[in-house]
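Undergrad: Sequence plus predicted model, see below.
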Amino acid sequence: MKVALLMIALLLSARAQESPRRHLDSAEGVSLEEAVRRAFERNGELLAERKALEEAQGRLRQAGLRANPMLDVMGGTSVNDRGMNEVNVGVSLPLELGGRRARRVEVADRELTRMRLEIGDRERRLAAEVRLKYGEAIAAARNLDLVARLVDLNGRSYELVRARVEAGVSAPLEQSQMRVEVGRLDAQRTTLGARLDLLLEELKNLLGMAPEEPLLLRDEFAAPPTSLLTKEQAIAQALASRPDLAAAREAEALADAMIEQARAEGRFDVSLFTQFGRQALRFDQLGISPESGERERVMMTNYMVRGGVSIALPVRNRNQGTIEAAVAARETARLRRVFLESVVHREVTTAFIRRDGAARVLKTFDLELLAASRNNLRIAQASYELGHLRMTDVLSEQRRLVEIEMSHNEALQEHFLSSVELESALGNPARTRRNP
């Protein structure tokens with residue numbers, strides 16, 4: 001009997017060295033940075049936003065094209081005399097004075113730049129989402145594995161207690177207490193399993209995976225390298241490198257370009273035109289045809305060339321409404337940029353507070369604390385075997401160990417998530433990184 005209880009204690013103490021069996025695989029599992037890379041390659045929303053860049057590139061190319069010439073063909077005849085008719089062919093060419101085409105190109109170019117920055121910000125946020133969800137899934141898998149092992153171990157312990165009760169060594173109450181403990185842990189295992197399945201489905205969605213695709217994770221729970229920047233230096237870096245803030249500044253520049261475009265389109269413009277005409281006249285008088293020598297009506301044909309300019313006079317419509325709308329858009333972009341700067345400042349500050357707090361909590365879980373807790377359970381089990389403790393004392397010590405193990409996992413998770421949050425708040429590019 002004593003040997004069996006000792007084996008149970010050793011299996012429990014070896015839990016930290018064994019990897020979770022259901023969803024974690026140190027060899028075949030997907031690493032953290034591999035998950036980020038997959039998200040960049042397969043996330044549907046990100047792919048759609050990248051595809052929209054082609055639309056913006058097409059608009060930029062279109063904005064740089066010059067205006068097409070216009071071909072006019074006209075004809076006419078006299079109502080009273082069918083012998084009089086004329087045909088005119090003309091070409092007109094808009095000059096687009098006042099830098100209209102240059103302003104149009106600038107607007108399209110700044111719009112393309114803004115979209116690229118927004119996609120960079122979407123990549124930053126997506127990398128953070130994947131890392132956060134990955135960390136939550138690792139913590140849930142570790143907790144699930146801990147509880148699953150305890151269910152298995154308590155099931156074996158229950159058989160031992162039942163044998164003691166049948167032999168008259170232990171009271172029936174101990175068997176009932178053990179049965180309740182097994183049922184409680186089994187319910188906890190079901191709850192943790194459902195949460196882990198939900199986290200994995202959410203992670204699959206971020207990675208662009210189909211629901212039926214299997215997903216194994218590598219047991220990587222190391223936080224990103226700790227930033228050596230002070231809070232003030234970190235805020236300055238975030239204000240300089242965050243792609244969402246850069247996109248907000250570009251939106252301001254875009255609004256300025258739209259104002260200049262609207263003003264340019266509200267000024268006068270000139271179109272050059274030239275025209276070639278043929279006029280045929282037939283008179284009532286008769287004459288001798290030089291070719292046939294016969295008498296026929298006198299005909300006269302005139303060819304004419306005309307040219308000139310057509311000037312659009314901005315007397316009534318000077319694009320006032322479009323200019324007002326562009327000015328309002330610039331003020332809107334400025335207010336959004338100012339607000340976003342305050343958001344960046346707050347995100348970096350709160351990320352520092354969260355990371356420092358998580359680091360302090362994690363330091364309390366040293367190896368001696370975890371080892372002492374496991375050793376206490378072994379002593380309690382041995383004392384129970386010798387008859388010095390009751391089963392309730394053993395179960396209390398076991399629950400205390402479970403709480404410490406889960407609290408340690410939560411501390412690791414919080415430190416990991418806070419480090420990811422700080423890295424994302426700083427605006428660091430989503431780079432591949434090998435975890436130790």
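TA: Nice, I can see it.
Undergrad: which residues touch the nearest residue to Arg263 once chain neighbours are set aside?
TA: Residue nearest to Arg263 in three dimensions, not counting chain neighbours: Ile323, with 6.1 Å by CB to CB, 6 or more residues apart in numbering. Every residue, glycine included, has its C-beta placed from N, CA and C. Residues near Ile323 by CB atoms under 8 Å, 6 or more residues apart in numbering: 259, 262-263, 266.
Undergrad: What about those residues, which are in helices?
TA: 259, 262-263 (DSSP state H).
Undergrad: Just the closest of those to Thr191, please.
TA: Ile259 (58.1 Å; CB to CB).
Undergrad: That closest one: what's its closest spatial neighbour, skipping adjacent residues?
TA: Closest to Ile259 by CB to CB, 6+ apart is Ala326, at 4.3 Å.
Undergrad: where exactly do the helices run in this structure?
TA: For the chain, the helices defined by DSSP H occupy 2-13, 32-42, 44-63, 100-166, 172-207, 231-241, 243-265, 320-363, 367-386, 391-426.
Undergrad: Out of these, the one nearest Leu281 is which?
TA: That would be helix 100-166 among the helices of the chain, by CB to CB, at 43.4 Å.
Undergrad: and that closest one, what does it pack onto?
TA: Applying 3 or more CB pairs under 8 Å, 6 or more residues apart in numbering; DSSP states H and E, we find helix 100-166 packed against helix 2-13, helix 32-42, helix 44-63, helix 172-207, helix 243-265, helix 391-426.
Undergrad: residues touching the residue most central in space within the chain, list them.
TA: Taking CA atoms, centre = their mean, the centroid of the chain lies closest to Arg122, which sits 3.3 Å from it. Arg122 makes contacts with 45-46, 49, as judged by CB under 8 Å, 6+ apart.
Undergrad: Over to Leu47?
TA: Leu47 is in contact with Gly208, counting by CB under 8 Å, 6+ apart.
Undergrad: hang on, the earlier thing: please produce a markdown table containing the ones in helices among the contacts of Ile323, extended by neighbour count.
TA: Below are these laid out as a markdown table (neighbours: other CB atoms under 10 Å):
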| residue | neighbour count |
| --- | --- |
| Ile259 | 20 |
| Ala262 | 21 |
| Arg263 | 17 |
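Undergrad: Now do the buried residues in stretch 313-333.
TA: Neighbour counts using 16 or more other CB atoms under 10 Å place 319, 322-323, 326, 329-330, 333 of stretch 313-333 among the buried residues.
Undergrad: so the residue nearest to Ile259 touches Ala264, yeah?
TA: No: at 11.6 Å, Ala326 does not count as touching Ala264 under the criterion of CB atoms under 8 Å.
Undergrad: Gly99 touches Ala264, doesn't it?
TA: Yes: assessed by CB under 8 Å, Gly99 is found in contact with Ala264 at 5.4 Å.
Undergrad: that older thread, any idea which of the helices of the chain gets closest to Phe276?
TA: Phe276 lies closest, by CB to CB, to one member of the helices of the chain: helix 100-166, at 28.3 Å.
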